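S.K.: any chance you can model this:
(2 chains)
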2 protein chains.
Amino acid sequence: MSTIANDTFLRALLREPTEYTPVWLMRQAGRYLPEYNATRSRAGSFLALATSPELATEVTLQPLERYALDAAILFSDILTVPDAMGLGLRFAAGEGPRFEHALRTEAQIRALRVPDLERLRYVFDAVASIRRALTRDGVQRVPLIGFSGSPWTLACYMVEGQGSDDWRQTKTLLYSRPDLMHHILQVNADAVAAYLNAQIDAGAQAVMVFDSWGGALADGAFQEFSLAYSRRVLASLRREHEGRRVPAILFTKGGGPWLSEMAESGADALGVDWTVNLGAARARVGSRVALQGNLDPSVLFAPPEQIARQARAVLDSFGPIAAGERVGHVFNLGHGISQFTPAEHVGVLVDTVHEHSRRLRA
Amino acid sequence: MSTIANDTFLRALLREPTEYTPVWLMRQAGRYLPEYNATRSRAGSFLALATSPELATEVTLQPLERYALDAAILFSDILTVPDAMGLGLRFAAGEGPRFEHALRTEAQIRALRVPDLERLRYVFDAVASIRRALTRDGVQRVPLIGFSGSPWTLACYMVEGQGSDDWRQTKTLLYSRPDLMHHILQVNADAVAAYLNAQIDAGAQAVMVFDSWGGALADGAFQEFSLAYSRRVLASLRREHEGRRVPAILFTKGGGPWLSEMAESGADALGVDWTVNLGAARARVGSRVALQGNLDPSVLFAPPEQIARQARAVLDSFGPIAAGERVGHVFNLGHGISQFTPAEHVGVLVDTVHEHSRRLRA
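M.R.: Just a heads-up that it's a prediction; the model follows:
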């Protein structure tokens, strides 16, 4: 077993005792960092950056140089899997992702297959490269998180072809031809499971399933079209690697209504957005899963003293952890960090989380 | 007291017995109707349509000619109040609303005042005109709903100047200068209360507060910056007019986490979006308030038999109403109807709601 200098993050996910609350930030390697923008310029495009193991490694490590973050997360895109299925991922300047070959016909849907993982080799190479870069003299600084979009979230983009306010085409398919939607989701679930297992094999020490659009679904439809397939992924994951448990986090943006059902999904931890009261969420999930979240990323636009106050409020709302209690909290934002965040504000947040949570434990 | 031929909607909001579940649809007078588009073309622009009492009356009544809807809702815009405050509402072609004079400085914010209601006379004239058009031989077909944006939702547009994914400027102000945000919200609350009371005086028989962006707020911030000011509005409303109770509906999109607190807001009914399980919501609010909702508007893109199935599922999830039980359900969508909805699908929905709920009561 490799040695990890700081494994607080993994222990919190597994609801083991920690001295403080670990913190990392969704999209921590991103456009709010000047050094990220410099690397991205050198790469020429987002996709060139994401598909280069060397450059992905460089940007993954950048936030760790600035801040005392407790985890690194693979720099990649959530749409790599459908791209490898042949849908043709493109990023137009100033716009979000688009697929050249969105799923428009039954024939296209029936032809969907779990992609050859060799087409995603660049991702696994990045994982291995980041692991090496995190390690010096046999000691790894912090754990590395791998990730994927959820089967439902991938299906949203695959059917719609791009982001959407209302996912009209996706939901039209769902309500008109649920059989075809289930077919897409089955293929996606098998592909996501294989993809995450290959990331684990390559060295990811925790994995996160981003169900970014599960919250767009109606109650009932969420359980049938999103949660059932996340559960299928989670059930297929390799949960031990290098002699260590590999925890899995499930994050449904807007998933507050369904936390109790999500706690039975097989995930070790649930991500929660900022609409959720952490104390109430903790009461609902009990000791079944750890929780990750949930500061509103907009708080980072405020002055430092206000950031510190709001971060303490999140920690206080989770509440104290009694000795021997099997609960865990990982501090994070309730969504990705904004590109407009002042970089120095992130340091205030990270340091406040560490200091205040140590005080709460003392 | 005027006579209303069909007052099922008002009785359901007041948790009195009804023979079936009444139904109306947010944005029922809208772009999915060819006759609406014809009137809008004649008007020349959305604002010309919304500010003409005669044309607003015409489009308000259009959906009632096609469908057996149980209520009419004033055709207007949620941003009329800030426009009357002098912010300069504009609709650019193909875009959402914009304010020419968004709140950018402390001086602008300190200068905000409850507007002279004479500047909103066209709205009250429309209410009176619609009431007349709904009435024949002294009998009114269905009740008329008045409405306003919530103080928080108005503030979002007033600070941001337009719609937003993340309300960055609005939240920056909220977290950096909560004193200024509270000042805006106080003025807005007083303005909204005066506006709704004038609609009631003009003939609105129920009122709805649209808190479209309350769900963008973090737990804690929602209570402080949205709910507190909706409560202030609700406490100031005239609740009796023409010898009849005037029920008030509060709808926070994404407000599922806070339903129990919203049930103490002074509203007679709460609108809920489609992420909420109606049966669970009913258990949470008890007999304190009626519920309104909550079909996903995307269901209306599906074939008729699927629409009927999903509508029945919403009614079934609310569950049966025992004799003498003080609960109420008004069927609605969880959001405004989409412009891409096939008009004939709306008839299927309305008829299914009536038929199935009669069966459930029998």
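S.K.: residue of the stretch 1-150 of chain A closest to chain B, please.
M.R.: Closest residue of the stretch 1-150 of chain A to chain B, Cβ to the nearest Cβ: residue A:96 (10.8 Å). Quick note: C-beta positions are derived from backbone N, CA and C, even for glycine.
S.K.: quick one: end-to-end length of stretch A:43-59, please.
M.R.: Length of stretch A:43-59, first residue to last, Cα to Cα, to the nearest Å: 11 Å.
S.K.: got the phi/psi numbers for residue A:153?
M.R.: The phi/psi pair for residue A:153 (degrees, to the nearest 10) reads phi -60, psi -40.
S.K.: check the gap between it and residue B:156 for me.
M.R.: Residue A:153 is 26 Å from residue B:156, where distance means Cβ to Cβ, to the nearest Å.
S.K.: packing partners of the strand or helix carrying residue A:352?
M.R.: Taking DSSP states H and E as the criterion, residue A:352 maps to helix A:343-361. Applying 3 or more Cβ pairs under 8 Å, 6 or more residues apart in numbering or on different chains; DSSP states H and E, we find helix A:343-361 packed against helix A:53-66, helix A:304-318.
S.K.: now what about it, what contacts it?
M.R.: Residues outside helix A:343-361 that contact it (Cβ atoms under 8 Å, 6 or more residues apart in numbering or on different chains): A:18-21, A:23, A:25, A:28, A:32-34, A:63, A:66-69, A:295, A:300-301, A:304, A:307-308, A:311-312, A:315-316, A:320-321, A:331, A:337.
S.K.: only the buried residues of it, if you could.
M.R.: Using 16 or more other Cβ atoms under 10 Å in any protein chain shown as the test for burial, helix A:343-361 gives A:345-346, A:348-350, A:352-354, A:356-357, A:360.
S.K.: check those and tell me the two furthest apart.
M.R.: Spatial extent of the buried residues of helix A:343-361 (Cβ to Cβ) is set by the pair A:345 and A:360 at 22.1 Å.
S.K.: pLDDT value on the residue located most distally from the centre of chain A, please?
M.R.: Distance from the centre of chain A peaks at residue A:107, with 31.7 Å (Cα atoms, centre = their mean). On the pLDDT scale, residue A:107 is placed at 98.
S.K.: does it sit in a helix or strand, and which one?
M.R.: Residue A:107 belongs to helix A:106-110, assigned by DSSP H and E.
S.K.: anything in that helix near chain B?
M.R.: No - judged by Cβ under 8 Å from any Cβ of the partner chain, helix A:106-110 makes no contact with chain B; its nearest approach is 15.4 Å.
S.K.: helices and strands around that helix, which ones?
M.R.: By 3+ Cβ pairs under 8 Å, 6+ apart, helix A:106-110 packs against helix A:178-202.
S.K.: give me the helices and strands touching the helix it packs on, please.
M.R.: Counting by 3+ Cβ pairs under 8 Å, 6+ apart, helix A:178-202 packs on helix A:80-82, helix A:106-110, helix A:121-134, strand A:144-149, helix A:151-160, helix A:168-176, strand A:206-211, helix A:228-235.
S.K.: closest one to residue A:257 among these?
M.R.: strand A:206-211 (13.2 Å).
S.K.: ok, residues contacting the closest one?
M.R.: Outside of strand A:206-211, the residues within contact range by Cβ under 8 Å, 6+ apart are A:9-10, A:13, A:71, A:73, A:78, A:143-150, A:152-153, A:192, A:196, A:199-200, A:226, A:230, A:233-234, A:237, A:246-253, A:255, A:267, A:271.
S.K.: same thing with stretch A:99-108?
M.R.: A:79, A:82-83, A:86-90, A:109, A:112, A:157-162, A:177, A:180, A:184.
S.K.: contact residues of chain A facing chain B?
M.R.: Close to chain B, as judged by Cβ under 8 Å from any Cβ, chain A has residues A:166-168, A:171-172, A:174-176, A:215, A:217-222, A:254, A:256-257, A:274-277, A:294-299, A:301-303, A:306, A:310, A:313, A:317, A:334, A:338, A:340.
S.K.: residues near residue A:303, how many?
M.R.: 14 (other Cβ atoms under 10 Å in any protein chain shown).
S.K.: what do you get for residue A:110?
M.R.: 11.
S.K.: which residues does the nearest residue to it once chain neighbours are set aside contact?
M.R.: Leaving aside its chain neighbours, residue A:110 sits nearest to residue A:183 (7.1 Å; criterion: Cβ to Cβ, 6 or more residues apart in numbering or on different chains). Residue A:183 makes contacts with A:109-110, A:112, as judged by Cβ under 8 Å, 6+ apart.
S.K.: any of the residues of chain A next to chain B buried? List them.
M.R.: A:166-168, A:171-172, A:174-175, A:215, A:217-219, A:221-222, A:254, A:256-257, A:274-277, A:294-299, A:301-302, A:306, A:310, A:313, A:317, A:334, A:338.
S.K.: narrow those residues to those in strands?
M.R.: Residues of these located in strands (DSSP state E): A:294-295.
S.K.: give the contact list for residue A:246.
M.R.: Counted by Cβ under 8 Å, 6+ apart, residue A:246 has contacts A:200, A:204-207, A:237-240.
S.K.: scratch that, residue A:27 is what I was asking about
M.R.: A:336-337.
S.K.: tell me which element it falls in.
M.R.: Using DSSP H and E, residue A:27 falls outside every helix and strand.
S.K.: so what's the residue nearest to residue A:147 when sequence neighbours are not counted bridging to?
M.R.: In space, and not counting its chain neighbours, residue A:147 is closest to residue A:208: 4.4 Å by Cβ to Cβ, 6+ apart. Beta-bridge partners of residue A:208, counted by DSSP bridges, are residue A:147, residue A:249.
S.K.: quick one: which of the helices and strands packed on helix A:178-202 is nearest residue B:117?
M.R.: Residue B:117 lies closest, by Cβ to Cβ, to one member of the helices and strands packed on helix A:178-202: helix A:168-176, at 38.7 Å.
S.K.: CA atoms only: put that closest one into PDB for me.
M.R.: Below are the C-alpha coordinates for helix A:168-176, written out as PDB (Å, rounded to 0.1, in the frame of the first residue of the first chain):
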ATOM      1  CA  ARG A 168     -37.000  19.500 -23.800                       C
ATOM      2  CA  GLN A 169     -35.900  16.900 -26.300                       C
ATOM      3  CA  THR A 170     -34.500  14.700 -23.500                       C
ATOM      4  CA  LYS A 171     -37.700  14.700 -21.600                       C
ATOM      5  CA  THR A 172     -39.800  14.300 -24.700                       C
ATOM      6  CA  LEU A 173     -37.900  11.100 -25.400                       C
ATOM      7  CA  LEU A 174     -38.200  10.000 -21.700                       C
ATOM      8  CA  TYR A 175     -42.000  10.500 -21.600                       C
ATOM      9  CA  SER A 176     -42.700   9.400 -25.200                       C
END
